[in-house]
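> Need a 3D model of the following:
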Amino acid sequence: MADDIMIEDIEILQEFIAESLEHLDTAEPLLIKLEESPKDDETLNAVFRLVHSIKGSAGFLGLKTIQSLSHKMEGVLDDLRKGKKEVDSNIIDIIFATVDILKQLIENLKGENRTDGFDNEEDLEKFNSLLERIKVVRGETPAKTPLMPPPAKEPESGDKEQKTASFESLKGSKEMLDLFIVEAAEHIDNIERNLLEIDKDPGSAELINDLFRSFHSIKGSACYVNKVTTSKFSHTVENLLNTFRSNKRPVTKEALELLFEA
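Model (predicted):
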């Protein structure tokens, strides 16, 4: 199935593409590390947060295929976090396969039609096969029918106009605002936890990068639901964190207090 996403603000879409591909690139070496150290909860949680961020952003943009696949990957990772499953080569292989398909879906957004899906049977079969593997590894009953229908015909121009109107009607709606509030609250909880950890280890590049990603996600989502003040404020904090990431200034007690106030 291939859904053409009619997103008027191309800048928001481009930011999602860049950020999500960066998250997936970051996840790959972490997965290798996790396979070598299956009990490394910090690495597991880091991968979970990256996938969770992609899922949330995809949801805001109406990218249902990316959101759904991210959610399923998040489920596998959550099973590992809760001890329902143990890290093994099969699970790591499934997660890597999911990363590859997510990259493909996100790269497809760069095309002229900004497709959230697949345009050929081969890619579709790989996708449905992966979903079946995820079901099996999570102990769910495999589906008897394809989880995604075959590629659809190109929609008529009138259908595209209707899809555009439908998408735009969600922008700034109460439903989207409620989603933003939930996601932002989760990011803020994560920010507070990381700040407490940074207080113990001010030189941790991983914690600083995680802080940056959280504020970056809030900034982009706030912009999308027309919360300009929140977006601008998050951008200001993001700039401060960038000075830490580039080692232009050290993380001091005063800076941490400022971040807690933010």
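> Just name the shakiest helix or strand of this structure by mean pLDDT.
Here the helix or strand of the chain ranked lowest by mean pLDDT, DSSP states H and E is helix 157-170, holding a mean of 41.
> Can you name the secondary structure element that comes next after that helix?
Sequence order places helix 174-200 as the next helix or strand after helix 157-170, per DSSP states H and E.
> Show me how far stretch 29-42 is from its chain's centre.
Taking Cα atoms, centre = their mean, to the nearest Å, one finds stretch 29-42 lying 19 Å from the centre of the chain it belongs to.
> Ok, stretch 22-34 next?
The answer for stretch 22-34 is 13 Å, by Cα atoms, centre = their mean.
> go on, stretch 44-58?
Here stretch 44-58 is found 5 Å from its chain centre; the criterion is Cα atoms, centre = their mean.
> Could I get the buried residue list for that stretch?
44-58 (16 or more other Cβ atoms under 10 Å). Every C-beta, even on glycine, is put in place using the N, C-alpha and C of the backbone.
> What is the nearest of these to E86?
The closest of these to E86 turns out to be L44 (Cβ to Cβ; 11.2 Å).
> After the helix or strand harbouring the closest one, heading C-terminal, what element do we hit next?
Following DSSP H and E, one finds L44 within helix 41-60. For helix 41-60, the following helix or strand on the C-terminal side (DSSP H and E) is helix 64-81.
> Check which helices and strands that next one sits against.
Applying 3 or more Cβ pairs under 8 Å, 6 or more residues apart in numbering; DSSP states H and E, we find helix 64-81 packed against helix 41-60, helix 89-108, helix 121-137.
> E254 is nearest to which of the ones you listed?
Comparison of the helices and strands packed on helix 64-81 against E254 by Cβ to Cβ identifies helix 41-60 as nearest, at 26.9 Å.
> helices or strands up against that closest one?
Packing partners of helix 41-60 (3+ Cβ pairs under 8 Å, 6+ apart): helix 10-36, helix 64-81, helix 174-200, helix 205-224.
> try 10 Å this time
Helix 41-60 sits against helix 10-36, helix 64-81, helix 89-108, helix 174-200, helix 205-224, with contacts defined as 3 or more Cβ pairs under 10 Å, 6 or more residues apart in numbering; DSSP states H and E.
> what angle sits between the fourth one and helix 41-60?
Spelled out, it's helix 174-200. 160 degrees (axes from the mean of the first three to the mean of the last three Cα atoms, to 10 degrees).
> With the second one instead?
Comparing the axes of helix 64-81 and helix 41-60 via the same axes, to 10 degrees yields an angle of 160 degrees.
> from the buried residues of stretch 44-58, which is closest to N190?
R49 (6.6 Å).
> wouldn't that closest one be in contact with I191 here?
No. Taking contacts as Cβ atoms under 10 Å, R49 lies outside contact range of I191: 11.2 Å.
> in the stretch 1-150 of the chain, which segments are predicted with low confidence?
Low-confidence segments of the stretch 1-150 of the chain (pLDDT under 70): 1-9, 112-114, 141-150.
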